[in-house]
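Student: Show me the folded form of this:
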Amino acid sequence: MIFNLWNLHHDEDFWGDPYTFRPDRFLDDDGQLLSASHENRRHLMPFGAGMRVCMGEILAISRIFLIVATIAQIFEAEQGDLKSSCDPRDYPEDYEILLNVRNDHQLLE
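Tutor: Prediction:
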């Protein structure tokens, strides 16, 4: 069996507005991550499933955590003048993300 992950992740009957960036879909009323058995979590399969699951899932998750945590420690990120939508159907050609060095960090020159 091969899963149609695009359809699973963009099903308007299930998600309502699948093209809107809303990470709160995966949080409960107390702001905690929903359990893996919750219906919303079962409809999210970014690394595939079954025999075709991505072999690098564990590595990808651990690496992206370290990269984002390191960037967040050193920089403050803010949106630039060129604003864009998170909707992949309207993906912009140009956008800006400004990274300002936090006061308590010095970059190596």
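Student: Tell me where the protein has helices.
Tutor: Taking DSSP state H as the test, the helices found in the chain are 5-9, 12-15, 39-42, 57-74.
Student: who touches the second one?
Tutor: Spelled out, that is helix 12-15. Applying C-beta atoms under 8 Å, 6 or more residues apart in numbering, the contact partners of helix 12-15 are 18, 25, 43. Any C-beta I mention is one placed from the backbone N, CA and C, and that applies to glycine too.
Student: Now tabulate the helices of the chain in TSV and tack on distance to Q32.
Tutor: What follows is those, written out as TSV (distance: least, C-beta to C-beta, whole Å):
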stretch	distance to Q32
helix 5-9	22
helix 12-15	21
helix 39-42	12
helix 57-74	18
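Student: CSV please, covering these and showing mean neighbour count and distance to S84.
Tutor: Formatted as CSV, those follow (neighbours: other C-beta atoms under 10 Å; distance: least, C-beta to C-beta, whole Å):
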stretch, mean neighbour count, distance to S84
helix 5-9, 12, 20
helix 12-15, 11, 21
helix 39-42, 11, 26
helix 57-74, 11, 19
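Student: Could I get these in JSON lines, plus columns for distance to D29 and mean pLDDT?
Tutor: Below are those laid out as JSON lines (distance: least, C-beta to C-beta, whole Å; pLDDT from 0 to 100):
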{"stretch": "helix 5-9", "distance to D29": "24", "mean pLDDT": "88"}
{"stretch": "helix 12-15", "distance to D29": "19", "mean pLDDT": "94"}
{"stretch": "helix 39-42", "distance to D29": "13", "mean pLDDT": "91"}
{"stretch": "helix 57-74", "distance to D29": "25", "mean pLDDT": "92"}
